[in-house]
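Novice: here are the coordinates; sequence isn't available:
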């Protein structure tokens, strides 16, 4: 099982549970709910910086060099604080950025769902799986690592119904 978290602060958090190439999206509010849902995940990928910094981190600058748009942790202190709290309670947590993964693999979220948070959560779960299987693109600097779904990932995301997606593959 892999877990993908499109973390939010002022709205519900979209969480994707990926089991056997099936992705179920659930909306949760509290950290306790998220921890309970993801506690048995082999890897959990969170769409949030997992470290504080005043301004851009070096890993963010690496993303920007690759024409991937990110925000600095200082712009979202409450979100980062929440992500760090989750990282401390969950097993094997990685940082991801689903919008960048979509750009890399040529995916437009509007082609899959009317709710971007659901697609983001699914991409987070895919990043966790890609990381585990050795297909993640790693953006590394001295102050962090961001894992993205790469073009080499042999699956494509498909919509099953309102709250479910699946991975079709290998390509």
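Specialist: On my side now, so go ahead. If you're wondering where the values come from, they're calculated on a predicted model, not measured in any experiment.

Novice: just give me the residue closest to the centre of this protein.
Specialist: residue 124 (2.6 Å; C-alpha atoms, centre = their mean).

Novice: so who does the residue lying closest to that residue once chain neighbours are set aside touch?
Specialist: Distances taken as C-beta to C-beta, 6 or more residues apart in numbering place residue 4 nearest to residue 124, at 2.8 Å, with adjacent residues excluded. Heads up, the C-betas are built off the backbone N, CA and C, glycines and all. Applying C-beta atoms under 8 Å, 6 or more residues apart in numbering, we find residue 4 in contact with 15-16, 18, 23, 44-45, 47, 96, 98, 121-128.

Novice: from those residues, which land in helices?
Specialist: Counted as lying in helices by DSSP state H, out of those, are 98, 121, 122, 123, 124, 125, 126, 127, 128.

Novice: and the buried ones among those, selectable in ChimeraX?
Specialist: Burial among the ones in helices among the contacts of residue 4 is assessed by 16 or more other C-beta atoms under 10 Å; the matching ChimeraX selection reads:
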select :98,121,122,123,124,125,126,127,128
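
Novice: centre of the chain to whichever strand or helix holds the residue nearest to residue 124, how far?
Specialist: Residue 4 is part of strand 2-6, with elements assigned from DSSP states H and E. Distance of strand 2-6 from the chain centroid (C-alpha atoms, centre = their mean, to the nearest Å) equals 6 Å.

Novice: I'd like the mean pLDDT over it, please.
Specialist: Confidence for strand 2-6, expressed as mean pLDDT, is 98.

Novice: where does this protein have low pLDDT?
Specialist: By pLDDT under 70, the low-scoring segments of the chain are 171.

Novice: residue boundaries of the strands in it?
Specialist: Assigned by DSSP state E, the strands in the chain fall at 2-6, 13-19, 22-28, 43-46, 93-96, 136-141, 144-149, 156-161, 164-168.

Novice: so can I have a markdown table of these showing distance to residue 70?
Specialist: Below are the strands of the chain laid out as a markdown table (distance: least, C-beta to C-beta, whole Å):
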| stretch | distance to residue 70 |
| --- | --- |
| strand 2-6 | 15 |
| strand 13-19 | 19 |
| strand 22-28 | 23 |
| strand 43-46 | 14 |
| strand 93-96 | 11 |
| strand 136-141 | 10 |
| strand 144-149 | 8 |
| strand 156-161 | 21 |
| strand 164-168 | 24 |
